[in-house]
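Asks: take this sequence and fold it.
(chains A, B and C)
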Amino acid sequence: MVLSNNDGCIIARSDEAKALGFAMGDPYHLTQEKLTLHGVQVFSSNDALYGDMSRRVMETLRAFTPDVEIYSIDEAFLNLAGFERWGLTDYARLIRATVRRDTGIPVSIGIGPTKNLAKIANHLAKADPESGGVYKLAGAEVYEALARIEIREVWGVGPRWATWLEAQGIVTALDVKRADPKAIRRKMTVVGERWVHELNGRPCRPLELGAPPRQGITVSRSFGQTLTALDPIKEALVSFVGRAGEKLRRQGFMAGQDLVFVTTNRFSSTQPFYANSTSVRLQYHTDFTPDLLEAAAHLLETLCRPGFHYPTCGVMLLELSPVTRVQADLFDTRDRSREAWLMRALDSLNTVYGARTVRVGNHGGKRPTWAMRQAFRSPRYTTNWRELPVVR
DNA sequence: TCTGGGGTCCTAGGACCC
DNA sequence: TCTGGGGTCCTAGGACCC
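Replies: Model (predicted):
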């Protein structure tokens, strides 16, 4: 099984772990006895490795059609219109075998006329060992297949809507297909209406080629231990803002708004839950870390109430604007080009010599008090020279 | 009995995704 | 002692514009 950041929750399970009854989101610290009993292997999350392997898989997919939408770290939608003469199922098997050969990653592929139907087909491909990892949803089979799918398993329906739908007698995906779109819309808005249409083979979710412009960049972490004093929290925030600035520049944006949030432990029985955020509109759009930092540090001071214990804080950069489209300010007297050079130097050094070699801020080299727990991390095989796999 | 018609922007809250 | 982190979309209501 794989744990969330800070070794908090269970977020991924092998089939064997699922069979033993471990659930998505179970707190790790409450399951330890059972883990030991069954000899379950546990890994801390390893974003560097997963992100790099994801990139390799996506690149492999692009060789098969130009129309690839990267939907998440482990999912993509491919437009296979025009490939029918190859036989879509055969073509999908070729894609699957190639991804396996070139990256070592096993994937399953669902084929359907809409995204929602393709997701269901994929679900069936995973569930049915006979399918060989590929399932095409077509013809009269659709009815039988949809009748086997409970709405709780369907993409786009969370626990709230599922409970409501079940109360209406809508229990399977087939019930949804037959439901009145307008009636669904009254409860589930246009999102639900589109869902009904999609299950009927009428596409409402176009393929998103080219990433849509980002709305915001967030960096937040739970600390390895609960913090009370302002200084170590600020130290953590300095580091988060530094990371947020890197993301911002890498993606070619400047931010117009800086938001900081803190929360206390919402599961605590000994102290009240306190969560708050505050934001400030920056004088100029900027990607200059010291500016982002100054604003964030000031915001933090107004947020943290004394006496509370904080396990989490974070920063969000909002009102993103592409660097090339930022409006200059007539009364801005600072030399922005020198600041840009400084950030470029910082980012290059960190690229060449490793993340956080050069940092803005004043925290030392020692392992900080807020460092994330990651007790069982696998090696970063493909992104760190010191952790390369050894063949012999 | 009767008070226009066409918009935008912002925020909070609620739902969802992996 | 310990319960993740990163996102998106939609709606209603209130305020404003000419």
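Asks: and the nearest residue to residue A:376 once chain neighbours are set aside, bridged to which residues?
Replies: Once flanking residues are discounted, residue A:376 sits nearest to residue A:44: 4.6 Å by Cβ to Cβ, 6 or more residues apart in numbering. C-beta coordinates here come from the backbone N, C-alpha and C atoms, glycine included. In this structure, residue A:44 has beta-bridge partners residue A:377, where bridges are defined by DSSP bridges.
Asks: confidence score at residue A:44?
Replies: Here, the pLDDT recorded for residue A:44 equals 95.
Asks: so it touches residue A:10, yeah?
Replies: No. Residue A:44 lies out of contact with residue A:10 (Cβ atoms under 8 Å); the separation is 11.7 Å.
Asks: by proximity to DNA strand B, which residue of the stretch 51-200 of chain A wins?
Replies: Among the residues of the stretch 51-200 of chain A, residue A:158 lies nearest to DNA strand B; the distance is 2.4 Å by Cβ to the nearest atom of the strand.
Asks: contacts only, for the residue of chain A found nearest DNA strand C.
Replies: Shortest chain A-to-DNA strand C distance, computed as Cβ to the nearest atom of the strand: residue-wise this is residue A:8, at 2.5 Å. Applying Cβ atoms under 8 Å, 6 or more residues apart in numbering to residue A:8 gives the contacts A:27, A:28, A:222.
Asks: and the second one, how many neighbours?
Replies: For residue A:28, the count of nearby residues is 21 (other Cβ atoms under 10 Å).
Asks: any stretches of chain A with poor pLDDT?
Replies: Along chain A, segments meeting pLDDT under 70 span A:362-366.
Asks: tell me which parts of it are close to DNA strand C?
Replies: Neighbours of DNA strand C within chain A, by Cβ under 7 Å from any atom of the strand: A:4-6, A:8-9, A:11, A:25, A:27-30, A:189-191, A:212, A:214-222, A:225-226, A:247, A:265, A:267-268, A:311-312, A:314, A:316, A:372.
Asks: in helices, which of these fall?
Replies: Members of these lying in helices (criterion: DSSP state H): A:189, A:190, A:191, A:247.
Asks: out of those residues, which are buried?
Replies: Neighbour counting by 16 or more other Cβ atoms under 10 Å classes none of those as buried.
Asks: any chance of those in a markdown table, plus distance to DNA strand B?
Replies: Formatted as a markdown table, the entries for these read as follows, by distance: Cβ to the nearest atom of the strand, whole Å:
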| residue | distance to DNA strand B |
| --- | --- |
| A:189 | 7 |
| A:190 | 11 |
| A:191 | 7 |
| A:247 | 17 |
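Asks: more neighbours, residue A:44 and residue A:10?
Replies: For residue A:44 and residue A:10, the more surrounded residue by other Cβ under 10 Å is residue A:10, and the numbers stand at 22 against 18.
Asks: need the contact list for the more buried one.
Replies: The contact partners of residue A:10, taken as Cβ under 8 Å, 6+ apart, are A:1, A:2, A:3, A:4, A:22, A:23, A:24, A:25, A:26, A:27, A:28, A:31.
Asks: quick one: which of the residues you listed is nearest residue A:376?
Replies: Taking Cβ to Cβ as the measure, residue A:3 is the one of the contacts of residue A:10 closest to residue A:376, at 7.2 Å.
Asks: how many neighbours does the closest one have?
Replies: Close neighbours of residue A:3, defined as other Cβ under 10 Å, add up to 22.
Asks: partners of it in the sheet?
Replies: Residue A:3 has the following beta-bridge partners by DSSP bridges: residue A:10.
Asks: who touches it in this structure?
Replies: Contact partners of residue A:3, counting by Cβ under 8 Å, 6+ apart, are A:9, A:10, A:11, A:28, A:42, A:43, A:44, A:45, A:376.
Asks: go with 7 Å
Replies: When contacts are counted by Cβ atoms under 7 Å, 6 or more residues apart in numbering, residue A:3 touches A:9, A:10, A:11, A:28, A:42, A:43, A:44, A:45.
Asks: got CSV for those residues, with distance to DNA strand B too?
Replies: As requested, the contacts of residue A:3 are exported to CSV (distance: Cβ to the nearest atom of the strand, whole Å):
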residue, distance to DNA strand B
A:9, 11
A:10, 14
A:11, 9
A:28, 17
A:42, 20
A:43, 17
A:44, 17
A:45, 12
